[in-house]
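In: Test case, fold it:
(one chain, ligands or ions: 1)
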Amino acid sequence: MAEAFEGDAYCVKCKAKKSPIDRRVEEKNGRRMGKGKCPDCGTTVVRILGKA
Ligand SMILES: [Zn+2]
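Out: Residues are numbered from 1 along each chain as shown. Reported below is the predicted structural model:
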């Protein structure tokens, strides 16, 4: 089941918050993380979503 997340994520390359493209949600160690790509440089950006 595809799940998206909302909000911005920090791009370490641009050193700025971006609205990621290609969003998806992954679960790791009981924590949910939003992953996407920076629209400007394509770097993977991560947003911690907290507990499921
Ligand atoms: Zn970037």
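In: ok, which residues in the protein are in contact with the ion?
Out: Within reach of the ion by C-beta under 5 Å from the ion, the chain has these residues: 11, 13, 14, 38, 40, 41, 43. Backbone N, C-alpha and C define where each C-beta goes, glycine included.
In: Just the buried subset of the residues you listed, please.
Out: 11, 38 (16 or more other C-beta atoms under 10 Å).
In: Just put the residues of the chain next to the ion in a markdown table and tack on pLDDT, distance to residue 32 and secondary structure.
Out: Below are those laid out as a markdown table (pLDDT from 0 to 100; distance: C-beta to C-beta, whole Å; DSSP: H, G, I helix; E, B strand; the rest coil):
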| residue | pLDDT | distance to residue 32 | secondary structure |
| --- | --- | --- | --- |
| 11 | 96 | 20 | strand |
| 13 | 97 | 23 | coil |
| 14 | 98 | 24 | coil |
| 38 | 98 | 20 | coil |
| 40 | 98 | 25 | coil |
| 41 | 98 | 24 | coil |
| 43 | 97 | 20 | coil |
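In: Need the contact partners of the worst-scoring helix or strand of the chain on mean pLDDT.
Out: None of the helices or strands of the chain scores lower by mean pLDDT, DSSP states H and E than strand 44-51, at a mean of 87. If you take C-beta atoms under 8 Å, 6 or more residues apart in numbering as the criterion, strand 44-51 is touched by 5, 7-12, 18, 20, 25, 30-38.
In: same thing but 7 Å
Out: The contact list for strand 44-51, computed with C-beta atoms under 7 Å, 6 or more residues apart in numbering, reads 5, 7, 9-11, 18, 20, 25, 30-38.
In: repeat for stretch 31-42
Out: For stretch 31-42, contacts defined as C-beta under 7 Å, 6+ apart pick out 5, 9, 11, 13-14, 18-26, 43-52.
In: Buried members of those into PyMOL, please.
Out: The buried subset of those, as determined by 16+ other C-beta under 10 Å, is captured in PyMOL by this line:
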select buried, resi 5+9+11+18+20+23+25+45+47+49
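In: Could you list the paired strands of whichever helix or strand residue 36 is part of along with their orientation?
Out: Residue 36 is part of strand 31-37 when elements are defined by DSSP states H and E. According to DSSP bridges, strand 31-37 forms sheet pairs with strand 21-28 (antiparallel), strand 44-51 (antiparallel).
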